[in-house]
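A.B. asks: Sequence first, predicted coordinates after that:
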Amino acid sequence: MLLSGALHYFRVLPEQWTQRLSMLRAMGLDTVETYLAWNLHEPEPGRFEFGGRADVGRFLDLAAEAGLDAIVRPGPYICAEWDNGGLPSWLLADRSARLRCHDPEYLAHVARYFDAVLPPIVERQRTRGGNVVMVQVENEYGSFGTDRRYLEWVRDALLERGVDVPLVTSDGPTDHMLTGGSVPGVAATANFGSDPETAFATLARYRPDDPPMCMEFWNGWFDHWGERHVTRDAADAADVLDRILAAGASVNLYMAHGGTNFGTTAGANLGGAESTGAYQPTVTSYDYDAPIDERGAPTAKFHAFREVLAKYQRREIPEPEPLPPLLPAGSVRLDETLRLLDVPAASVVETAEPPTFEEMGLHHGLALYRTEIPGPRQAYDLHLDGLADRAHVYVDGSLAAVLERSGETSTPVAVEGGSASVEILVESMGRVNYGPRIGDRKGLVGGVRHERQFLHGWTTATYPVDDVSGLPWGAPDTAGRGPVFHRGVLTVDEPRDGYLVLPGWTKGYVWVNGFCLGRYWDRGPQRTLYLPWPLLRAGGNELVVLELDGVADPVAEIRTAPEL
């Protein structure tokens with residue numbers, strides 16, 4: 001019986017791994033589970049990262065020091081409410097690319113990824129004296145496809161690279177998901193949040209020889225922008241956990257500790273029964289209403305789970321260590337300003353049709369598309385076909401509309417003289433991470449039409465948001481339009497955790513000492529951004545905010561409690 005909890009190394013700063021892992025042991029778990037995020041480890045084709053938050057080997061070593069075994073789920077697809085389900089955005093630069101199937105070009109990329117990321121996993125397997133006891137083949141493939149040949153290729157690729165601990169798959173406990181996602185010779189596990197008796201009965205009907213395991217016990221849930229914050233009663237979740245374990249099954253709490261979708265790593269979903277409906281971008285926080293909250297503190301669910309796990313855990317369960325105090329409440333003015341369009345673009349391309357972000361090598365951020373509409377002509381609707389995901393439309397330098405993928409994607413435009421200048425500033429949100437519509441490209445994916453007429457002759461400038469260290473502060477305001485960077489100084493006596501809030505601001509991004517905390521949006525439900533202590537230093541700390549829509553009074557606040 002494995003008593004496991006999910007904790008993703010890439011959603012927690014490395015300086016905080018030890019504390020979070022110790023909290024898993026204090027809850028009564030003996031195993032930690034983590035995905036591997038391909039797009040974190042290979043941000044560009046052939047360039048791999050294994051330092052900082054990407055140092056999965058160190059994370060597994062710290063887990064061993066905490067007394068935890070490990071389950072590793074290397075994908076290549078992971079879902080996880082993570083951008084594009086972990087698949088790198090550069091895979092989408094080719095509009096004919098095939099994902100998650102037995103396509104030679106895709107498999108060549110997966111093989112290179114496995115060659116790079118599996119060695120630190122293989123050398124830490126239990127069979128070699130380490131703590132890795134289980135590895136997963138792909139992830140929830142039954143929610144996507146039926147390519148058995150592809151799944152067998154992934155299985156064999158893991159075996160060929162030295163994985164010799166038990167392999168498993170994980171899928172929802174339904175007929176089509178289990179038949180589509182299972183692999184011969186690999187044990188199947190089930191993912192669910194309630195009714196374990198029915199789930200395990202279904203699993204046994206299809207895989208009678210496999211030991212029962214819930215690979216993802218959904219004890220909380222994630223949030224989308226503009227929707228309500230999801231919580232789950234602690235007693236209800238603990239009751240289901242008890243029933244899972246009473247059945248003699250292994251369990252992996254999803255999540256034990258959620259962490260944070262720092263920067264632009266949050267994914268998105270599509271609504272509807274078949275995950276093909278309205279676009280639903282995921283918020284920055286991945287607190288997940290987990291038993292260990294975003295800051296690493298125990299919750300009522302933690303204590304309820306600890307009581308249940310104690311009945312099945314043979315080892316002594318340590319007491320949780322108290323966390324240090326938070327930053328005191330305060331406020332910061334951000335009076336220094338710089339317009340985004342006064343910043344030199346990272347790249348400029350000229351094309352007949354609007355390029356996607358991926359075709360321009362832009363992972364996330366903003367792109368300014370420019371063209372001319374010949375005139376004179378009456379007002380016709382300007383259609384942004386395939387808008388992904390939000391656009392400010394300027395006509396002759398004046399803001400004409402703000403359009404969104406999940407709402408209105410057209411606005412009327414007339415041309416009074418010989419021509420009209422059209423500028424479309426497109427912001428990307430998370431890429432779809434689950435279901436049949438993964439491979440979510442960003443930008444003006446379907447072109448731009450004035451009535452039925454496509455507009456051609458585009459010049460496009462890119463503005464990534466991963467690095468603000470080179471911003472030309474003090475540059476004169478020549479653009480006169482568009483989003484604005486704001487800068488101020490947050491002074492602290494000593495580094496501590498805190499919660500940053502931007503009352504009166506609308507939408508944008510926040511950086512602390514150059515590190516992007518993530519996105520904010522006044523439509524909620526998330527109001528505060530978790531500010532981890534390792535990002536701070538005693539004294540002054542640079543706080544930068546990119547506000548896309550405008551703010552009346554540029555003041556940020558530090559609060560002592562989250563508002564999710």
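C.D. replies: Received, thanks. Residues are numbered from 1 along each chain as shown.
A.B. asks: Does Glu138 lie in a helix or a strand, and which?
C.D. replies: Assigned by DSSP states H and E, Glu138 belongs to no helix or strand.
A.B. asks: Next, the contact list for it, please.
C.D. replies: Contact analysis of Glu138 by CB atoms under 8 Å, 6 or more residues apart in numbering lists 75-77, 100, 151, 154, 169, 181. (C-beta placed from N, C-alpha, C; glycine too.)
A.B. asks: and of the residues you listed, the nearest to Asp549?
C.D. replies: Tyr77 (34.0 Å; CB to CB).
A.B. asks: picking that back up, buried subset of the contacts of Glu138?
C.D. replies: Listed as buried from the contacts of Glu138 are 75-77, 100, 151, 154, 169, 181; burial here means 16 or more other CB atoms under 10 Å.
A.B. asks: Show me how far stretch 540-554 is from its chain's centre.
C.D. replies: Centroid separation between stretch 540-554 and its chain, computed with CA atoms, centre = their mean, to the nearest Å, is 23 Å.
A.B. asks: Strands of the stretch 351-500 of the chain, start to end?
C.D. replies: Under the criterion DSSP state E, counting those that start in this stretch, the stretch 351-500 of the chain contains strands at 365-374, 377-384, 387-388, 390-395, 398-404, 410-415, 419-427, 443-444, 448-450, 453-454, 458-464, 484-492, 498-501.
A.B. asks: Can you add mean neighbour count, mean pLDDT and distance to Val56 and give the ones you listed back as TSV?
C.D. replies: Shown next, in TSV, are the strands of the stretch 351-500 of the chain (neighbours: other CB atoms under 10 Å; pLDDT from 0 to 100; distance: least, CB to CB, whole Å):
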stretch	mean neighbour count	mean pLDDT	distance to Val56
strand 365-374	20	98	26
strand 377-384	18	98	40
strand 387-388	24	98	30
strand 390-395	22	98	33
strand 398-404	16	98	36
strand 410-415	17	98	45
strand 419-427	21	98	31
strand 443-444	26	98	31
strand 448-450	21	98	42
strand 453-454	14	98	46
strand 458-464	20	98	25
strand 484-492	19	98	31
strand 498-501	22	98	28
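A.B. asks: got JSON lines for these, with distance to Phe515 too?
C.D. replies: Below are the strands of the stretch 351-500 of the chain laid out as JSON lines (distance: least, CB to CB, whole Å):
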{"stretch": "strand 365-374", "distance to Phe515": "16"}
{"stretch": "strand 377-384", "distance to Phe515": "32"}
{"stretch": "strand 387-388", "distance to Phe515": "26"}
{"stretch": "strand 390-395", "distance to Phe515": "24"}
{"stretch": "strand 398-404", "distance to Phe515": "28"}
{"stretch": "strand 410-415", "distance to Phe515": "36"}
{"stretch": "strand 419-427", "distance to Phe515": "20"}
{"stretch": "strand 443-444", "distance to Phe515": "26"}
{"stretch": "strand 448-450", "distance to Phe515": "35"}
{"stretch": "strand 453-454", "distance to Phe515": "41"}
{"stretch": "strand 458-464", "distance to Phe515": "15"}
{"stretch": "strand 484-492", "distance to Phe515": "13"}
{"stretch": "strand 498-501", "distance to Phe515": "12"}
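A.B. asks: Of these, which is nearest Ser143?
C.D. replies: Taking CB to CB, strand 387-388 is the member of the strands of the stretch 351-500 of the chain nearest to Ser143, at 21.9 Å.
A.B. asks: The longest helix seen in the chain packs against which elements?
C.D. replies: Secondary structure of the chain per DSSP state H: the longest helix is helix 104-122. If contacts are counted by 3 or more CB pairs under 8 Å, 6 or more residues apart in numbering; DSSP states H and E, helix 104-122 sits against helix 38-41, helix 56-65, helix 148-160.
A.B. asks: Which one of those helices lies nearest to Leu455?
C.D. replies: With CB to CB as the measure, helix 38-41 is the member of the helices and strands packed on helix 104-122 nearest Leu455 (32.0 Å).
A.B. asks: Output that closest one as CSV, restricted to C-alpha atoms.
C.D. replies: Extracted C-alpha coordinates of helix 38-41, given in CSV (Å, rounded to 0.1, in the frame of the first residue of the first chain):
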residue,chain,number,x,y,z
TRP,A,38,8.8,18.8,-20.5
ASN,A,39,8.4,22.5,-21.4
LEU,A,40,10.3,23.5,-18.3
HIS,A,41,13.2,21.2,-19.1
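A.B. asks: Which segments of the protein make up each domain?
C.D. replies: Per automatic domain parsing, the structural domains of the chain span 3-309, 330-337+471-559, 344-464.
A.B. asks: Reformat those as CSV; add distance to Pro318.
C.D. replies: Formatted as CSV, the domains of the chain follow (distance: least, CB to CB, whole Å):
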stretch, distance to Pro318
domain 3-309, 5
domain 330-337+471-559, 22
domain 344-464, 35
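A.B. asks: what's the neighbour count on Gly418?
C.D. replies: Close neighbours of Gly418, defined as other CB atoms under 10 Å, add up to 9.
A.B. asks: Next, count neighbours for the spatially closest residue to it that is not a sequence neighbour.
C.D. replies: Spatial nearest neighbour of Gly418, chain neighbours left out: Gly375 (5.9 Å); criterion: CB to CB, 6 or more residues apart in numbering. Gly375 has 14 neighbours, counted by other CB under 10 Å.
A.B. asks: Can you name the residues that contact Gly375?
C.D. replies: Counting by CB under 8 Å, 6+ apart, Gly375 makes contact with 415-420.
A.B. asks: Closest to Leu87 out of those?
C.D. replies: Taking CB to CB as the measure, Leu87 lies nearest Ala420 of those, at 38.8 Å.
A.B. asks: Among the contacts of Glu138, which ones are in helices?
C.D. replies: Counting by DSSP H, these place 151, 154, 181 in helices.
A.B. asks: Would you check that the first one makes contact with Val137?
C.D. replies: Yes: distance between Leu151 and Val137: 6.4 Å, which falls inside the contact criterion (CB atoms under 8 Å).
A.B. asks: For these two, list the residues in contact with both.
C.D. replies: 169, 183.
A.B. asks: element containing the residue lying closest to Ala461 once chain neighbours are set aside, please.
C.D. replies: What sits nearest to Ala461 in space, not counting adjacent residues and going by CB to CB, 6+ apart, is Ala345, at 3.6 Å. Using DSSP H and E, Ala345 maps to neither a helix nor a strand.
A.B. asks: what do you get for the one 5 residues further on?
C.D. replies: Counting by DSSP H and E, the secondary-structure element that holds Glu350 is strand 347-351.
A.B. asks: Check what contacts that strand and list those residues.
C.D. replies: Residues from elsewhere that reach strand 347-351 (CB under 8 Å, 6+ apart): 355, 360-362, 458-462.
A.B. asks: Pick the one among these closest to Pro104.
C.D. replies: Proximity of the contacts of strand 347-351 to Pro104 (CB to CB) peaks at Gly361, which lies at 23.4 Å.
A.B. asks: tell me the contacts of the closest one?
C.D. replies: 90, 93, 347, 462.
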